[in-house]
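> Sharing a model that was predicted from the sequence below.
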Amino acid sequence: MRRVDLFAVLCLAGATLSWGATPVMLRALTTSVPDGFTANAVRYPLASLLYLPWLIHGVRQGVGRRFWLIALIPAAINFFGQTLWGIAPYYLSAGMISFLLRFSAIFGILGAFIFFPDERQLARSKVFWTGTAMALAGFIIMSWAQITQVAGASWTGLIIMGFCALCYGGYGVSVRYVVGNHNPLFVFSVIGSYTSVALILAAPLGRPESLLEVSGATWLLLVISAVVGIALAHGMYYAALQRLGAAVSMLMLSVTPFVTIVGSRAFLNEHFTAGQWLGGCVLVLGATVAMSAQQHLPHHPPADPHETANE
């Protein structure tokens, strides 16, 4: 039986809280920042600057050329996912965005089982599937309001979030492959830098000149959303992926809509029902049960995914 990796669990909880709060901030930014391309061109480079010490340290340590090349894969996926994520608040509510994004867990779990033999052990775990079923039930109960509103939602927004969920499902799997035994903060410093360059190049698709007119409060919210939703969230998520794997990490992130709903109720005055409370609690419990499945698996030394992914 494995010991509970408390550090990884806390990192995953922190990433869940950070990403749960982000749609609320992005939705608030839509009133003063005219488009997602402009917001992304500011938020990601700001977040990446915080990782500059790890980038410099990694370069000095001397990382092989192969790493710099394969890091382009999650960076490319992240660019498309982040672009869609930045555009979505202009078409959908914060709650709807968070709800639709969680379909990424399906793609992430399937990808983890396909590419990582060490994660396939979970597919034979009754505890994992019991927790997954509970999390799914809680997710449906909690998100029922969003489910009933899907038919009336913007089709453009639904398509955007469908592809966004697919991107982030692939993102988690590709990051787990790239991170290997490297320092996860260094890995994000590289992927974040690649992504930032691409987002800056895409900025002219929006109205970056509008940033000259925004208020100090808007700039503050841009900075806070960059730190919380990118710098903190991705760093903690990478650490969790390295220690817990993609399947468990992505399932646990299904809790983020619960965090978003609470934040929307507190800051955007969006409605919050007793059913959402109940569903959210069941969702959290189910995700916790699924994550505990790893404790019941045989303990093996951590495998390098660069090797196991090709078995």
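Nice, thanks for sending it over.

> Contact partners for the spatially most distant residue from the centre of the chain?
Residue farthest from the centre of the chain, counting by Cα atoms, centre = their mean, is residue 213 at 30.5 Å. Residues in contact with residue 213, defined by Cβ atoms under 8 Å, 6 or more residues apart in numbering, are absent; none qualify. Every residue, glycine included, has its C-beta placed from N, CA and C.

> And it, how far from residue 116?
48 Å (Cβ to Cβ, to the nearest Å).

> How about residue 248?
Residue 248 is 12 Å from residue 116, by Cβ to Cβ.

> which of these two has more neighbours?
residue 248 (28 against 22; other Cβ atoms under 10 Å).

> Quick check: closest non-adjacent residue to that one.
The shortest distance from residue 248 to any non-neighbouring residue, by Cβ to Cβ, 6 or more residues apart in numbering, is to residue 291 (5.2 Å).

> Pull the contacting residues for the one you found.
For residue 291, the set of contacting residues under the criterion of Cβ under 8 Å, 6+ apart consists of 9, 12, 131, 244, 248, 251-252.

> for residue 54, same thing?
For residue 54, the contacting residues are 183, 185-186, 188-189, taking Cβ under 8 Å, 6+ apart as the criterion.

> how many other residues sit next to the closest residue to residue 122 other than its chain neighbours?
By the measure of Cβ to Cβ, 6+ apart, the closest residue to residue 122 outside its immediate chain neighbours is residue 128, 4.7 Å from it. Residues contacting residue 128 under the criterion other Cβ under 10 Å number 24.

> how close does residue 128 sit to residue 171?
For residue 128, the distance to residue 171 equals 22 Å [Cβ to Cβ].

> hmm, who's touching the strand or helix carrying residue 248?
When elements are assigned from DSSP states H and E, residue 248 belongs to helix 246-252. Counting by Cβ under 8 Å, 6+ apart, helix 246-252 makes contact with 12-13, 16, 104-105, 108-109, 111-113, 116, 119, 122, 131-132, 135, 169, 172-173, 175-176, 237, 240-241, 287, 290-291, 293-294, all of which sit outside it.

> And those, which of them are buried?
12, 16, 104-105, 108-109, 111-113, 116, 119, 122, 131-132, 135, 169, 172-173, 175-176, 237, 240-241, 287, 290-291, 293-294 (16 or more other Cβ atoms under 10 Å).

> Contact partners for residue 257?
The neighbourhood of residue 257, defined by Cβ under 8 Å, 6+ apart, consists of 20, 95, 98-99, 102, 139, 142-143, 280.

> Same list, the residues you listed, but as TSV with secondary structure and pLDDT please.
Rendered in TSV, the data for the contacts of residue 257 read as follows (DSSP: H, G, I helix; E, B strand; the rest coil; pLDDT from 0 to 100):
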residue	secondary structure	pLDDT
20	helix	78
95	helix	70
98	helix	72
99	helix	78
102	coil	79
139	helix	85
142	helix	79
143	coil	75
280	helix	82
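
> can you redo the residues you listed as JSON lines with distance to residue 42 and neighbour count?
As requested, those are exported to JSON lines (distance: Cβ to Cβ, whole Å; neighbours: other Cβ atoms under 10 Å):
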{"residue": "20", "distance to residue 42": "22", "neighbour count": "24"}
{"residue": "95", "distance to residue 42": "25", "neighbour count": "27"}
{"residue": "98", "distance to residue 42": "22", "neighbour count": "28"}
{"residue": "99", "distance to residue 42": "26", "neighbour count": "25"}
{"residue": "102", "distance to residue 42": "26", "neighbour count": "21"}
{"residue": "139", "distance to residue 42": "32", "neighbour count": "24"}
{"residue": "142", "distance to residue 42": "32", "neighbour count": "28"}
{"residue": "143", "distance to residue 42": "30", "neighbour count": "27"}
{"residue": "280", "distance to residue 42": "32", "neighbour count": "22"}
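
> Adding distance to residue 223, write the residues you listed out as JSON lines.
Conversion of these to JSON lines gives the following (distance: Cβ to Cβ, whole Å):
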{"residue": "20", "distance to residue 223": "19"}
{"residue": "95", "distance to residue 223": "24"}
{"residue": "98", "distance to residue 223": "22"}
{"residue": "99", "distance to residue 223": "27"}
{"residue": "102", "distance to residue 223": "27"}
{"residue": "139", "distance to residue 223": "32"}
{"residue": "142", "distance to residue 223": "31"}
{"residue": "143", "distance to residue 223": "30"}
{"residue": "280", "distance to residue 223": "29"}
